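Novice: Sequence first, then the predicted structure, then my questions.
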Amino acid sequence: ATLSGGTATAQGASGVGLSAATGANIVAKDGIAVTTRGGAAANAASGASITLDDATLRTTEGGAGILADGAGTIVNATAVTIEANGVGVQAVEGSQVTLVDADVASQQQALVVNTGSRVTATNTNIHSDTKIAISIANSSVELAGGTAVSSAGGHAVQILEGSLDVDDATLQATQTGDALVVSGATASVSNARLESAARYGVRIPAGHTITGPATVSLTDVDVEAGGSAIYMNAIHARDGHAVVSGGTLRATNATVLVDTQFADAALNRLTLSNGAQLHSDSGLLIDVNDNARLAAVLDAVDLTGNLRANGSGVLDVAFRNLGSLRGNVENGGAFDLGAGTMWTLPGDSNVASLIHGGTIAFTDPAAFRTLTVRGDYTGTGGLIALNTKLADDVAGTDRLHVIGDTSGSTQLAVTNRGGAGALTNADGIR
């Protein structure tokens, strides 16, 4: 059936507007307007299809704008406006929905995708007034071509198992939610912007009912967060991995926050590469809470800010491919500086162990600093650049203090800071 123009209003509290089932096909176009109360404005099920082109769908008492239900069921919507009192678009049980140049606004969830379904949105505005704008469970969603997702009362996008691909899109939580929540799923985001006014740009929670790991890839993505740009919380065997290539992460608190509620926390992993930038109003780039674990790789990035692990939290960091850090480290774990990398210390720092093949430099001091290695130090041809006041035994100096064993080879460069030279009578400057 083909419907062109005009208006259609469903009767009754649960009446449905457009309805296609069991292989049927409906085409609705040319400015047609469909209004329902509690039923769906467009309902396709059991392998049927509905094609919408230049249409308006409204529900006033809880109905969905579009409901696609069942394997083989397809809804294609182009230049469609949806104003829903219930769910804006719902795809369940293996159905497929395509949105192009559409506007979806809901007082509840704007887009719900469950049980093996698939939704693609291109140049589409998706907004929820009160809840999660896009909720995905065991399904796949693609957002592209200038799509804008926003929520005024929840997360912009939440995915629990399944896959999410975002390219050239904006995800925005304007009040209390996170821009993107990924649990037991894979999310690939590129050329996009993520904003959270009060919480997290990306949140990777474990969740007791989710069995698999979560991986989020951000490529040339700008993240702006009122809390932290990335929040990770792995438990038991459910680890989380954030891969950031290029782009900028900005946060009011720690840029990356790692947390757990369990003593046997799984390993969180963070890879920063290709010039990715981290900024924090607090000056803290990475903060690992008690019992949590993070293994970070700084690969061809140049960071300025501090790193911290709290209590029994573990923060291991590997520097690779000219990666550099200018900042202090508090209660660091295993640190590994590869050839060509650099760590500049403006203040005292301490790590559990150190493999050193790069450059460790102390800044021109207002006061001298100490790097403490609580365990073993292994030199692999690196350089340590110290500042020292060349004077008597009590003269100040930067220090490398190794509590454990030392091995390997390391070059040492000493710069005199205001010393005129003097005789040392005891153990020398130390």
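Specialist: Yep, that arrived.

Novice: what about the residue nearest to residue 68 when sequence neighbours are not counted, neighbour count?
Specialist: In space, and not counting its chain neighbours, residue 68 is closest to residue 95: 3.7 Å by Cβ to Cβ, 6 or more residues apart in numbering. Using the backbone N, CA and C atoms, a C-beta is placed for each residue, glycine as well. Number of residues near residue 95 (other Cβ atoms under 10 Å) recorded here: 30.

Novice: quick one: low-confidence parts of the stretch 201-350 of the chain?
Specialist: 206-211, 235-238, 261-265 (pLDDT under 70).

Novice: so how far is residue 24 from residue 18?
Specialist: Distance, residue 18 to residue 24, by Cβ to Cβ, to the nearest Å: 10 Å.

Novice: cool, and residue 319?
Specialist: Counting by Cβ to Cβ, the gap from residue 319 to residue 24 is 61 Å.

Novice: ditto for residue 240
Specialist: 44 Å.

Novice: Same question for residue 147.
Specialist: Counting by Cβ to Cβ, the gap from residue 147 to residue 24 is 29 Å.

Novice: before we move on, back to that, who's more crowded, residue 18 and residue 24?
Specialist: residue 18 (25 against 15).

Novice: list the contacts for the residue nearest to residue 151 when sequence neighbours are not counted?
Specialist: Nearest-residue entry for residue 151: residue 133, 4.1 Å, with adjacent residues in sequence omitted and distances by Cβ to Cβ, 6+ apart. Counting by Cβ atoms under 8 Å, 6 or more residues apart in numbering, residue 133 makes contact with 109-111, 126-127, 149-151, 154-157.

Novice: Please apply the same query to residue 230.
Specialist: Applying Cβ under 8 Å, 6+ apart, the residues near residue 230 are 200-204, 216, 223, 242, 244, 249, 255-257, 270.

Novice: Quick check: which helices or strands does the helix or strand where residue 344 lies pack against?
Specialist: The secondary structure element spanning residue 344 is strand 342-345 (assigned by DSSP states H and E). If you count contacts as 3 or more Cβ pairs under 8 Å, 6 or more residues apart in numbering; DSSP states H and E, strand 342-345 packs onto strand 324-326, strand 359-362.

Novice: Now that we have the contacts of residue 133, can you turn them into TSV and tack on secondary structure and pLDDT?
Specialist: Converted to TSV, these look like this (DSSP: H, G, I helix; E, B strand; the rest coil; pLDDT from 0 to 100):
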residue	secondary structure	pLDDT
109	coil	97
110	coil	98
111	strand	98
126	strand	98
127	strand	98
149	strand	98
150	strand	98
151	strand	98
154	coil	95
155	coil	97
156	coil	98
157	strand	98
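
Novice: on that earlier part again, just the ones of the contacts of residue 230 in strands?
Specialist: Counting by DSSP state E, the part of the contacts of residue 230 found in strands is 202-204, 216, 223, 242, 244, 249, 256-257, 270.

Novice: out of those, which one sits closest to residue 351?
Specialist: residue 270 (16.9 Å; Cβ to Cβ).

Novice: Can you tell me the element the nearest residue to the closest one once chain neighbours are set aside falls in?
Specialist: Leaving out its chain neighbours, the residue that sits closest to residue 270 by Cβ to Cβ, 6+ apart is residue 296, at 4.5 Å. Per DSSP H and E: residue 296 is located in strand 293-299.

Novice: So which elements touch whatever helix or strand comes next after that strand?
Specialist: Later in the chain than strand 293-299, the nearest helix or strand by DSSP H and E is strand 302-304. Contacts defined by 3+ Cβ pairs under 8 Å, 6+ apart place strand 302-304 against strand 324-326.

Novice: need the next SSE after the strand it packs on, C-terminal direction.
Specialist: strand 329-330.

Novice: So in that sheet, which strands flank that next one, and in what orientation?
Specialist: strand 306-309 (parallel) (DSSP bridges).

Novice: Now do the same contact list for the closest residue in space to residue 229 that isn't next to it in sequence.
Specialist: Nearest residue to residue 229, sequence neighbours excluded (Cβ to Cβ, 6+ apart): residue 249, at 3.7 Å. Residue 249 is in contact with 201, 223, 225, 229-230, 255-256, 276-279, counting by Cβ under 8 Å, 6+ apart.

Novice: ok, residue 51 touching residue 79?
Specialist: No - using Cβ atoms under 8 Å, residue 51 makes no contact with residue 79, being 11.7 Å away.

Novice: between the two, which one's more packed in?
Specialist: Taking other Cβ under 10 Å, residue 51 and residue 79 do not tie; residue 51 has more neighbours (20 against 16).

Novice: list the contacts for that one?
Specialist: Residue 51 makes contact with 25-29, 75-77, according to Cβ under 8 Å, 6+ apart.

Novice: Need the buried ones from those residues selected in PyMOL.
Specialist: Those of the contacts of residue 51 that count as buried under 16 or more other Cβ atoms under 10 Å are selected in PyMOL with:
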select buried, resi 26+27+28+29+75+76+77
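
Novice: Throw the contacts of residue 51 into JSON lines and include distance to residue 416, secondary structure and pLDDT, thanks.
Specialist: Output for the contacts of residue 51, formatted as JSON lines (distance: Cβ to Cβ, whole Å; DSSP: H, G, I helix; E, B strand; the rest coil; pLDDT from 0 to 100):
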{"residue": "25", "distance to residue 416": "85", "secondary structure": "strand", "pLDDT": "97"}
{"residue": "26", "distance to residue 416": "84", "secondary structure": "strand", "pLDDT": "97"}
{"residue": "27", "distance to residue 416": "83", "secondary structure": "strand", "pLDDT": "98"}
{"residue": "28", "distance to residue 416": "82", "secondary structure": "strand", "pLDDT": "97"}
{"residue": "29", "distance to residue 416": "82", "secondary structure": "strand", "pLDDT": "97"}
{"residue": "75", "distance to residue 416": "75", "secondary structure": "strand", "pLDDT": "98"}
{"residue": "76", "distance to residue 416": "74", "secondary structure": "strand", "pLDDT": "98"}
{"residue": "77", "distance to residue 416": "73", "secondary structure": "strand", "pLDDT": "98"}
